[in-house]
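Engineer: The sequence and its predicted three-dimensional model are supplied below.
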Amino acid sequence: MTTAIGRPIDRVDGPAKVTGAGRYSADVPLPGLVHAVVVGSRIPAGRIISIDTRAAEQANGVLAVLTHLNLPKGGSVPPLVPSLAGAAATGQTFFPMQDEVIHYAGQHVAVVVAETLEQAEHAATLLRIDYAAAPFVTTVEQGREQAYEARRIFGGFLPGRVERGDVDAGLAEAAVTVDLGYRYAANHHNPIECSATTAVWQGDRLTVYDATQGPNATLHTLAELLNVMPSHIRVVTDFVGGSFGCKAMIWDHPALAALAARHVGRPVRLALSREQMFSSVGHREQQEQQLTLGADAQGRLTAVRHHKLSPTSHFDDWAEPSLGVASQLYACPNYQGVYRLIRANTMTPTFTRCPGEASGMFALETALDELAERLGLDPLEIRLRNYAETTPGDGTPWSSKKLRECYRRGAELAGWDRRDPRVGALRDGDTLLGWGMATSAYPCYQPGNPQRARARLYADGSAVVQASISDIGTGSATAMTQVAADGLGVQLERVRFQYGDSDLPNTAAAVGSAGAGMVSAAVHVATTALRDQLIAQALADPGSPLHGADPRQVTVAEGRMALRERPDVGETYAALLQRAFMADAEAVGTWNPPPDTSGGSMTFGAQFAQVAVDPDLGLVRVRRLIGVFDAGRILNRKTAHSQLMGGMIWGMSHALLEGTRMGPDGRWANASLGEYLVPVNADAPEVVVETVESTDTVVNPLGVKGVGEVGMVGTAAAIANAIHHATGKRLHRLPITIEDLL
Amino acid sequence: MTCTVNGVPRTADDVWEGESLLYVLRERLGLPGSKNACEQGECGSCTVYLDGTAVCSCLVAAGQAVGREVVTVEGLSGGPDAEPGPVQRAFLAAGAVQCGFCTPGLIVAVDDLLSRNPHPTDPQIREALAGNLCRCTGYEKIMEAVRLAAGGQA
């Protein structure tokens, strides 16, 4: 019986957050705590000739200055594996301060430890570092000539080229083609909390308070980097102040904090500054995409050719998988996707919310709009004509797909059929108005590692349920409390979900919109196993009113087991345990994800945007965003819809504001919240979010497909299509700026 | 340095005058509710009251706060173990909290807005809170929370 799942209950971690009582990784009070600051390279390529640390070492309060000359050498750098797998997940296969070579600007070259943060920051300014600079490449423009086709990307998980059918033949038979070049600025995540690690050793045991999406990922990465047994490391993550991908992979600062703490024999806090966040925790890479679509006269796609070019680091072949969803969304027999990379003097790019889907779908969904215009079709109609009833390519059925319902409801909310589709037809005084729409889709990635949770019920009927996952603000702790309450059949307020700790049963990191689905599966398995165990105990207990009953006839509600047909016959868990002199009962649940479902399982959505463009000033204001999504089962409407809304504002931001510019000196030129624009409250439009009823019996036991990213996917394209409707301009560059509209 | 924090006289020793008020609150007075996120007054996560005026405590030097009254997010619930105050309850009820890192500053900013203007219009709310960045919620739920708090419904 479901009572808690789906309810829009308040966040379980909310009271601590609104009163300021929540302890984030830089808030943990420890006796004797000292502060470490990292120092980044000023140049993007070359080597360190000399570091003069004397003045810094003599400064007030300074305890240590670590550089490549004296940093204790540790273990090995683990391979680059996405943190989803619950294993070591380094952000790049390069660990700094091992030698004098500089690969990118901001590369950590020194760590200064002092009694106070202010003393450490001051001492860092006293370091004298002389560099020999070397020629560098940091942008697509500089590296275009040396681009190469990637064999594999994304930590080796995805092929660099995907083909089906014959794309040239498909283009040859097309009645209409569009061939468009897209350019995208680099992006930085900029969660409000900068990454921070507090590390403390007790003998050879290490405890790390780390702002991470995966405590286990931090644990296993540190174990390899420091050459310390995993059993001797504990990673605690009570609160994380947002992440959006930059805390998914494990970068070098947690290990540097641990090494510094061991060096000075005191607990060390290492908090990155906002500026350092731009060169320490990855980014969404600058990129270009070339997209060619062919369609027959009815608008049915005959070919999709999608190529991407982007810079990666000198160590790893990383490209966000921009071509993935765009290759799978529409029924098209002929497809070719190719990733080309440039070795550049940047750190390895990383997951950034909608890693690939946001950029790839911007291209596909604006190109489709253009194709519709060429064919005289309504933008929604061309999408329906290419609706994929089964997975394009191998034709396997979707695990669930209610995209048609999303289109229908979204169009209804937007009044899509009532708008005047002619370009420039809608006005509000001198302001041009436009409506645009786009499809959203995001794959359900579920790596194969087992997901575990533990459930314990005390003799008074209250319960603790545990899994290691951190709650980065998504609401997973709240949703898991609901799942646990239903699984056990107890009241919500009697359940505490314990999380954010590598000592708890291992789960995937909170990444890839997969946390809710994968961890809820483990919590569901653990809590229903404990329920079944307790029912079995009652049936076997001659003292129980349920003795000898058919287990299939027993239900549990509010902590009481009873016969379905005779609710008066039964007893509480508490009575059962107390009679047996048991203080508690416990079960561990393991859920093994099904073999790769990523090809045939997606979250879907339909997004609509209304914009207002000032034709004299080129200013774009988004007035309304509407998103209707098929995300499978919604565990908590309040937190899920807030996630989707937040994603849509990310999409608006991707469309109109966000871009990190590379300076001529090979350093990010706008590394601050003053110059890297993100939306403020006054920029936000009216946002309408709905989810459609959707049942998915394939993806995981509760049918959860995830809400973290899909809200963002189609937003930028819907806005760009709306700008076209308002102004007649087709814009193929993100972010879209005032200059583009003048 | 000595100042009044959340109604209690507090003293911190060995404070370098150039330290920020935010640093003193977080590291010396054990009040980490105010958050450090940009160090340049762009994000509003460190917003506190200084003699009744909402300020970014990262931009206030410790020396400037000497002898003055500071109220932080911890002070708006009437004590560490007290029930959340009305603005805090409104944020909970509306679901205006996600990661929670911008929340302490926003709570102070909203408290300040409603004390000056108990019934703000939506554009007034958006302008008043434009200095408090939130990366998670998309702001819609925050608007709802302010409306709830203004209506006395939370």
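Structural biologist: Right, received. Where do you want to start? Residues are numbered from 1 along each chain as shown, chains lettered A, B, ... in the order given.

Engineer: From here on, just use CA atoms for contacts and neighbour counts.
Structural biologist: OK.

Engineer: where exactly do the helices run in the stretch 501-650 of chain A?
Structural biologist: Ranges of helices in the stretch 501-650 of chain A, per DSSP state H, counting those that start in this stretch, are A:515-540, A:573-579, A:637-656.

Engineer: Now do the first one: which elements does it pack against?
Structural biologist: What that stands for is helix A:515-540. Judged by 3 or more C-alpha pairs under 8 Å, 6 or more residues apart in numbering or on different chains; DSSP states H and E, helix A:515-540 is in contact with strand A:451-458, strand A:463-466, helix A:476-488, strand A:584-591.

Engineer: ok, the longest one near chain B or not?
Structural biologist: Right, helix A:476-488. No - Helix A:476-488 stays clear of chain B (C-alpha under 8 Å from any C-alpha of the partner chain), getting no nearer than 10.4 Å.

Engineer: tell me the angle of that helix relative to helix A:515-540?
Structural biologist: 30 degrees (axes from the mean of the first three to the mean of the last three C-alpha atoms, to 10 degrees).

Engineer: And the contacts of helix A:476-488?
Structural biologist: The contact list for helix A:476-488, computed with C-alpha atoms under 8 Å, 6 or more residues apart in numbering or on different chains, reads A:1-5, A:9-13, A:465, A:470-471, A:491-492, A:494-499, A:515-516, A:519-520, A:523-525, A:527-528, A:530-531, A:556, A:559, A:635-636.

Engineer: let's go with 7 Å and repeat that
Structural biologist: With contact meaning C-alpha atoms under 7 Å, 6 or more residues apart in numbering or on different chains, helix A:476-488 is reached by A:2-5, A:11-12, A:465, A:471, A:491-492, A:495-497, A:516, A:520, A:523-524, A:527-528, A:531, A:635-636.

Engineer: buried sites along stretch A:357-368?
Structural biologist: Within stretch A:357-368, the residues scored as buried using 16 or more other C-alpha atoms under 10 Å in any protein chain shown are A:Glu357, A:Ala358, A:Ser359, A:Gly360, A:Met361, A:Phe362, A:Ala363, A:Leu364, A:Glu365, A:Thr366, A:Ala367, A:Leu368.

Engineer: hmm, I was thinking of stretch A:41-52
Structural biologist: Buried residues in stretch A:41-52 (16+ other C-alpha under 10 Å): A:Ser41, A:Arg42, A:Ile43, A:Pro44, A:Ala45, A:Gly46, A:Arg47, A:Ile48, A:Ile51.

Engineer: got the phi/psi numbers for the nearest residue to B:Val24 once chain neighbours are set aside?
Structural biologist: Once flanking residues are discounted, B:Val24 sits nearest to B:Ala62: 6.9 Å by C-alpha to C-alpha, 6 or more residues apart in numbering or on different chains. Torsion angles at B:Ala62 (phi, psi; degrees, to the nearest 10) stand at phi -50, psi -40.

Engineer: B:Arg28 contacts B:Ala12, doesn't it?
Structural biologist: Yes - under the criterion of C-alpha atoms under 7 Å, B:Arg28 makes contact with B:Ala12 at 6.4 Å.

Engineer: sorry, back to before: tell me which of the helices and strands packed on helix A:515-540 sits nearest to A:Glu288.
Structural biologist: helix A:476-488 (35.0 Å; C-alpha to C-alpha).

Engineer: how near is the closest residue to A:Thr737 other than its chain neighbours to A:Val464?
Structural biologist: Counting by C-alpha to C-alpha, 6+ apart, A:Thr737 lies nearest to A:Leu656, which is 6.3 Å off, once chain neighbours are set aside. A:Leu656 sits 45 Å away from A:Val464, going by C-alpha to C-alpha, to the nearest Å.

Engineer: Compare these two (neighbour count), which wins?
Structural biologist: Taking neighbours as other C-alpha atoms under 10 Å in any protein chain shown, A:Leu656 and A:Val464 compare with A:Leu656 leading, 24 against 19.

Engineer: In contact with that one, which residues?
Structural biologist: A:Pro735, A:Ile736, A:Thr737.

Engineer: what do you get if the cut-off is 10 Å, keeping everything else the same?
Structural biologist: Taking C-alpha atoms under 10 Å, 6 or more residues apart in numbering or on different chains as the criterion, A:Leu656 is in contact with A:620-622, A:650, A:677-679, A:716, A:719-720, A:733-738.
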